[in-house]
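>>> I would like to see how this sequence folds:
(7 chains)
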Amino acid sequence: MFRNQYDNDISTWSPQGRLHQIEYALEAVKQGSASVGLRSNTHVVLLALKRSSGELASHQQKLFRIDSHVGIAIAGLVSDARVLSNFMRTECMKSKMMYDRPIPGSRLVSLIGDKAQVNTQNYGRRPYGVGLLVGSYDEGTGPHLYECLPNANCLEYYAISIGAKSQSAKTYLEKFAKDFGEADLDALVMHGLHALRETLQQDKELNLNNCAIGIVGKDHDWELIEGDRLNGYLDRLETGASTTGATAAGDLVQGEAMDTTEL
Amino acid sequence: MFRNQYDNDISTWSPQGRLHQIEYALEAVKQGSASVGLRSNTHVVLLALKRSSGELASHQQKLFRIDSHVGIAIAGLVSDARVLSNFMRTECMKSKMMYDRPIPGSRLVSLIGDKAQVNTQNYGRRPYGVGLLVGSYDEGTGPHLYECLPNANCLEYYAISIGAKSQSAKTYLEKFAKDFGEADLDALVMHGLHALRETLQQDKELNLNNCAIGIVGKDHDWELIEGDRLNGYLDRLETGASTTGATAAGDLVQGEAMDTTEL
Amino acid sequence: MFRNQYDNDISTWSPQGRLHQIEYALEAVKQGSASVGLRSNTHVVLLALKRSSGELASHQQKLFRIDSHVGIAIAGLVSDARVLSNFMRTECMKSKMMYDRPIPGSRLVSLIGDKAQVNTQNYGRRPYGVGLLVGSYDEGTGPHLYECLPNANCLEYYAISIGAKSQSAKTYLEKFAKDFGEADLDALVMHGLHALRETLQQDKELNLNNCAIGIVGKDHDWELIEGDRLNGYLDRLETGASTTGATAAGDLVQGEAMDTTEL
Amino acid sequence: MFRNQYDNDISTWSPQGRLHQIEYALEAVKQGSASVGLRSNTHVVLLALKRSSGELASHQQKLFRIDSHVGIAIAGLVSDARVLSNFMRTECMKSKMMYDRPIPGSRLVSLIGDKAQVNTQNYGRRPYGVGLLVGSYDEGTGPHLYECLPNANCLEYYAISIGAKSQSAKTYLEKFAKDFGEADLDALVMHGLHALRETLQQDKELNLNNCAIGIVGKDHDWELIEGDRLNGYLDRLETGASTTGATAAGDLVQGEAMDTTEL
Amino acid sequence: MFRNQYDNDISTWSPQGRLHQIEYALEAVKQGSASVGLRSNTHVVLLALKRSSGELASHQQKLFRIDSHVGIAIAGLVSDARVLSNFMRTECMKSKMMYDRPIPGSRLVSLIGDKAQVNTQNYGRRPYGVGLLVGSYDEGTGPHLYECLPNANCLEYYAISIGAKSQSAKTYLEKFAKDFGEADLDALVMHGLHALRETLQQDKELNLNNCAIGIVGKDHDWELIEGDRLNGYLDRLETGASTTGATAAGDLVQGEAMDTTEL
Amino acid sequence: MFRNQYDNDISTWSPQGRLHQIEYALEAVKQGSASVGLRSNTHVVLLALKRSSGELASHQQKLFRIDSHVGIAIAGLVSDARVLSNFMRTECMKSKMMYDRPIPGSRLVSLIGDKAQVNTQNYGRRPYGVGLLVGSYDEGTGPHLYECLPNANCLEYYAISIGAKSQSAKTYLEKFAKDFGEADLDALVMHGLHALRETLQQDKELNLNNCAIGIVGKDHDWELIEGDRLNGYLDRLETGASTTGATAAGDLVQGEAMDTTEL
Amino acid sequence: MFRNQYDNDISTWSPQGRLHQIEYALEAVKQGSASVGLRSNTHVVLLALKRSSGELASHQQKLFRIDSHVGIAIAGLVSDARVLSNFMRTECMKSKMMYDRPIPGSRLVSLIGDKAQVNTQNYGRRPYGVGLLVGSYDEGTGPHLYECLPNANCLEYYAISIGAKSQSAKTYLEKFAKDFGEADLDALVMHGLHALRETLQQDKELNLNNCAIGIVGKDHDWELIEGDRLNGYLDRLETGASTTGATAAGDLVQGEAMDTTEL
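The predicted model follows:
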């Protein structure tokens, strides 16, 4: 019944100083299936929940290699993610050609932010509808984990989760964050899987088909672990109940959104 | 009575983080007559139901050759499909001229996705109103089957169906999917015809005029089978009843849409 | 009382996956006076009903020569038809200059389709408001008859009719279609005139002023027959009543449209 | 009370397949003072009724020389007519420079049609608000008379009238049309004046100030006859009453329009 | 309560074939203070009423020199007049440079008309809000007086007035128009002042500050007469009452408009 | 309750021939703090009231040097004033480089007018929201004082005031205007301060912080007098009450506007 | 219930002469967490309150180095701030390359103002949603502190605060402003921290994570102090209660805004 007259247009401020279209685009990220990222002093691990588009589909990609030292996990519109990952790959190549060195992760996310900002200030465009977790291992400064959002903000994190029910994962990550710095890669991956499991609906479990793991780190080029190769990790998952209980209402809303994101 | 103020414009997010114009374009695909695709370890078979635009029309094309190793089946706006198939043919030629090799199917669908994404982010354009099934046989990696949709997503499948009543075909395909990998070409085609038959209205049957078959595979350049050449396959179709029963209401909706798509 | 909010703009999908502006442009074709096309194994014959813009006008053109091997008949906005026929003539010349051969009819209608599609996907343009019947005689493949519509679709037909009351002509054509293939030119023309007569209002007859015949075929460059030259054909028309009866309501609607099309 | 939502924009079709803005522009022609054209086998005569913008204005132009073999009469917006006549003069010069021959009248009106059509298909433009009668005498084909309207249609006529109350003039012209072909120039002019007189309001008469005559024909370059030179013709006008009686209501409507056109 | 949906946009026709925005721009001319022009066989005289923007302003210009043989008087938006007078000056210089002769007045007003017409046919522009009286003395053809309006029409006059209460001046001019042709310059100026006085509000008189006179003619380059130089003329003005009586209501409306025009 | 449909767009005329957006921009000038200008036969003096943006701000500029012979005072949007003063400085430099002489003040304000006019005729732009007083001392013609407003009008004045409560200053200036011509610089400045004081709210006084004086004249390059240097003048200000009494209502309105202008 | 029709568009004036979109963008600055700036005769100190985006985020940047002699603090949209700081860095480099000297702070803020003004006058853009405090130490003129706002205004201050609850900080700064000029760097920093503390919500305290300090001055290149390095300053903070009491209502509003700014 109430009509908001300030939320149809990316170039219109509301009287409260808000850009509603940016907030709505952030909503698209929240409706994608969850991704989780965390880092130790030596590695970054990215994990993602893969929604199934039916048993006939061979697989659905949520983790992407950008360069040997950079990978990303996404939540939201896959087609927008593809545009951004193509952009990142091009920038990686340019850096190698022009400076003969891998682009630092901080520089890469800054470029994404600039590109995303343009879509928040010009009439006739829309903000990207995807959130990215960017993991990089840089010469000299080691592992880094960034979150890039449709509002063009890119922040660095020790551990972070985006997408549907990501708050449950964050709760887990905050609880064990103090252990991540010194954790070995194996422990780091297991922490990530535990966090990811928190984003599942109540009667679901992680399995070989619905999740993927990406690793980059010291002397460790980007590696994607999917399918049977997940067995070793999933077997060790404690079978304890989720530490957060999703309300039925929340689940319904997420279910509704499945058609528009990542399928 | 209720007016949605967020669904007139491709560059406007709804408060729920949805792009309604993309969803409406997906609806155009659902109203086209069905297409089916499935693959074995050696071949991809595409099949399509051809709606008749009257007995005077010589034929209506639903399957298109893109290159000797790639063909497509469509559901939705034929004119949009023609734009996209022209684009694909050009890309195939460019690959041959620049790299002296056939373009891999995965690369081709990625280019389609990029092209389609542009239409989902710029005011004054509309998303394409057509879905594509892309079958390719690539050097080294063998047969591939992809679905490309107006939301700019391109996923790989073992078997898939798009268009009106495609859910019935999917049900069939899921039931027999375990057999497709090792199936010989003949069996694969018959599975496809059975799946396609599920998309017919209750009192209709497949015949020489209302369907077509496309094949690409190992040592098998794209081949289109139509008209009398279908006889061998149609004769062997079991005459059993459809395994799914379309409701009258569903049929009406599909009938209504016939003018806007593929005619 | 009901306001459709999705039909003002060519770049907006309706929730049902329709592009209403395309459908409305098709309506403009239906309001033009009828044109008929049919083909034998050797010739294509196009016929058109010419609405009178008063007895002082010397004549009103509905059939146009494109090249010695191609002609068209139109229904709808004459000014849009002129744009498209200029375009076709230019393409014919380009083909001759670049390849030293007449452009095949199938290639020509494909180019029309591409041109028309652009007007269905860009805000600020409108779909063409004219339907074309394209008759060509091509080296090697013989006679062809195509229908090109504002929705950018171009289909091949054995026989077809467009414009006001064209359904009556189609009924005639379907009844006798089996005879067209082997018919000699004279018989083919008489079939066309009978079909065209079906589109007349109940108390009208074909005469030297209100119709025209175009012929292209084997060893027969495009020939336009109008005025006195029609005598030989009209004399032989059976004087039987129309096989379809137009309702008064239908006639009124068509009368209303006379000012906007082809005058 | 009823709001037509399809008539504000030249690039929007109505559900009935009409372009209302074109029809409204045709209305502007109907509100201009009348012009009349007719031709014999040797000459074209154009005549126009000149509305007075007060007794202080030296004269108001309705007939324009385009080239020695072409002249026009207008009804509607004078400023739009000036744009079109400038365009025509340029085309005449181009023809002389490039081909060393006068442009044929048929070619000239075809170019006007193409120019006018652009304004009927692009958002942000409006159709021209003027109708033209074009008279030409061409080498080989002799005299021609064309009508060019805002809908971009250009038709050839034996005799025609446009503008306010032009129907009355048409009635006269149709009555005597059979005589025009063999008429000598003097008789042709007198027929034109009689037709023009029919468009006057009931208590008005043609005089030296309110009409003008243009002639082009065999061995007769464009000649404009105005003012005292009209005496010879006006004296011979039969003083009989108008054959059509304008209703008071019709006069009022025309009076209302006087400010917007040709003043 | 009634909303006109056709009057917001210069590129939209009303159903009655009118362009309301042009009519509204004409209204801006009517709200400017009056200007008067008249010509004899040897001279053109332009006169203007200068509204005061307070006693501190040194003067307010209504008459402008364009070239030694051309001057203008304006009514309406001064800033639009400046754009047009700059344009005219440039055209005068171009004529001298390219053809080594002064531009004829008829050519100059034709160029103004073309420039003004562009603003009446393209969305996003507005018609000029100023009327011009253009006086020129041309080699061979002698003195000319033109009126150029926002509708892009330019007419020649013997005598004319534009702006607020200009009808009263026209009444005077029509009464004495027969005398202007043979009048000497002095008599012509006095006629102009009498006409201008008719446009004053009832209790106002012409004085050294509120009027100006411009003269161009045979052997008489453009001359502007203002301030004390007006004494000779004003002293001779008959002190008789105005021949037309402005109603109080009319005065109020004009007073209201004073802020928007010429100040 | 009443909605004006003609005041949202700079390129739309109201039925009364007004451009409301220009009038609204003039309102922005009226809401800026006042500026005053006056001239003798040898000098121009500009004065401005500086609103405080808090005691921590070092100063707020209202007077700007353009060149050694030109300075301006502003009222309205400071950011728009900066654009215009940058433009003026560039024009001053161009004049020196191209003609080796200072640009005359009349030429400079004419260029401002042209630049401002563009913003009053093109959709998507807005009129500038600032008024300028321009003081110049030109070779040969001596001192000049101009007012340039958002409606693109530039008038010359003996003395003038713009901004909030400027009417009170005008009343003072008109009273003493007869003395300005022969006044020496010192007297001229004191007249300006008295006039400026009239624009203060009732309980305020001029002081070292809230006003500034600019001077340009014969052998006197632009000089800005602020802060302690004002002491000599302020001490001599008569302490008499303001000659005009601002109503409380007026003050409130002005207070409301403080955030949008000049802060 | 009341709809403001003048506040959706940056290029539309309200009848009161306001540009509402600029005012709404200023609101975005008020909703960012506070930043404080103050300067002595030798140094500029910038301080900022860093909102936490969760305990997993490594840090959130509010202070940015532009050049060795310039730094900024921000409040509002971080992504807009990044665009502006990139612009500033480029201008610093250009100055060094073209003039071989650091750009003066006054020149830099003037360029920001020009860039921001463009976004306040062109349809389809929006004003920047960020406020900047710019601190510079310039050769010859020493330390400078500027505030740059979305309305394109840039003012110089002795001390200033922007962002949420900045009024409380201003109250502190005004109270002690007289001491800043002669204060040594240490005292200046402590004053800044006291002012910043005033912007905290009632039960919060400054700590190593939620604030940062930037310093530039004589022989002191831009230095950023964060984390443990803050210890020395924070220990000395008086633990007295805030001198201003935020109302609960105000706090709620600020809390609501946290998602849209700086996170």
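>>> tally of neighbours for residue A:205?
10 (other C-beta atoms under 10 Å in any protein chain shown). Any C-beta I mention is one placed from the backbone N, CA and C, and that applies to glycine too.
>>> quick one, phi psi at it?
Reported as degrees, to the nearest 10, the phi and psi values for residue A:205 are phi -130, psi 150.
>>> pLDDT at it, what is it?
What the model reports as pLDDT for residue A:205 is 91.
>>> with the one 3 residues further on instead?
Model confidence at residue A:208, given as pLDDT, is 90.
>>> over to residue A:122?
On the pLDDT scale, residue A:122 gets 86.
>>> and residue A:51, by the same measure?
If you check residue A:51, the pLDDT there is 82.
>>> now do the one 10 residues further on
Reading off the per-residue confidence, residue A:61 sits at a pLDDT of 87.
>>> which stretches in the stretch 51-200 of chain A count as strands?
In the stretch 51-200 of chain A, strands defined by DSSP state E, counting those that start in this stretch lie at A:57-59, A:63-67, A:70-76, A:130-138, A:142-148, A:154-157, A:159-162, listed in chain order.
>>> dump the ones you listed to TSV, plus mean neighbour count.
Below are those laid out as TSV (neighbours: other C-beta atoms under 10 Å in any protein chain shown):
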stretch	mean neighbour count
strand A:57-59	15
strand A:63-67	22
strand A:70-76	29
strand A:130-138	27
strand A:142-148	22
strand A:154-157	22
strand A:159-162	28
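>>> and the ones you listed as a markdown table, adding distance to residue F:169?
As requested, the strands of the stretch 51-200 of chain A are exported to a markdown table (distance: least, C-beta to C-beta, whole Å):
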| stretch | distance to residue F:169 |
| --- | --- |
| strand A:57-59 | 78 |
| strand A:63-67 | 66 |
| strand A:70-76 | 60 |
| strand A:130-138 | 58 |
| strand A:142-148 | 56 |
| strand A:154-157 | 54 |
| strand A:159-162 | 61 |
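>>> out of those, nearest to residue F:11?
The closest approach between residue F:11 and any of the strands of the stretch 51-200 of chain A, judged by C-beta to C-beta, belongs to strand A:130-138 at 38.8 Å.
>>> okay, angle between that closest one and strand A:70-76 too, please.
Calculated by axes from the mean of the first three to the mean of the last three C-alpha atoms, to 10 degrees, strand A:130-138 forms an angle of 170 degrees with strand A:70-76.
>>> and strand A:130-138, which strands flank it?
Applying DSSP bridges, strand A:130-138 is found paired with strand A:70-76 (antiparallel), strand A:142-148 (antiparallel).
>>> in TSV, list the ones you listed along with mean pLDDT.
Compiled in TSV, those are given as follows (pLDDT from 0 to 100):
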stretch	mean pLDDT
strand A:70-76	97
strand A:142-148	97
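>>> include distance to residue G:186 when you put those into TSV, please.
Below are these laid out as TSV (distance: least, C-beta to C-beta, whole Å):
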stretch	distance to residue G:186
strand A:70-76	43
strand A:142-148	35
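>>> so which of these comes closest to residue A:93?
strand A:70-76 (12.0 Å).
>>> what's the nearest residue to residue A:62 if we skip its chain neighbours?
residue A:48 (3.6 Å; C-beta to C-beta, 6 or more residues apart in numbering or on different chains).
>>> list the helices and strands the strand or helix carrying residue A:234 packs on?
For residue A:234, the host element (DSSP states H and E) is helix A:231-235. Helix A:231-235 sits against helix A:185-197, with contacts defined as 3 or more C-beta pairs under 8 Å, 6 or more residues apart in numbering or on different chains; DSSP states H and E.
>>> what residues does the helix it packs on touch?
Applying C-beta atoms under 8 Å, 6 or more residues apart in numbering or on different chains, the external contacts of helix A:185-197 come out as A:34, A:36-40, A:42-43, A:45-49, A:159, A:161, A:169, A:172-173, A:176, A:179-180, A:183, A:205-206, A:211, A:213, A:215, A:217, A:220, A:233-234, A:236-238, A:242.
>>> so which of those are in helices?
Among the contacts of helix A:185-197, the members falling in helices are A:169, A:172-173, A:176, A:179-180, A:233-234 (criterion: DSSP state H).
>>> just the buried ones from these?
With burial judged by 16 or more other C-beta atoms under 10 Å in any protein chain shown, the buried subset of the ones in helices among the contacts of helix A:185-197 is A:169, A:172-173, A:180, A:233.
>>> which one of those residues is nearest to residue E:132?
residue A:169 (73.6 Å).
>>> isn't the closest one up against residue A:200?
No - using C-beta atoms under 8 Å, residue A:169 makes no contact with residue A:200, being 10.0 Å away.
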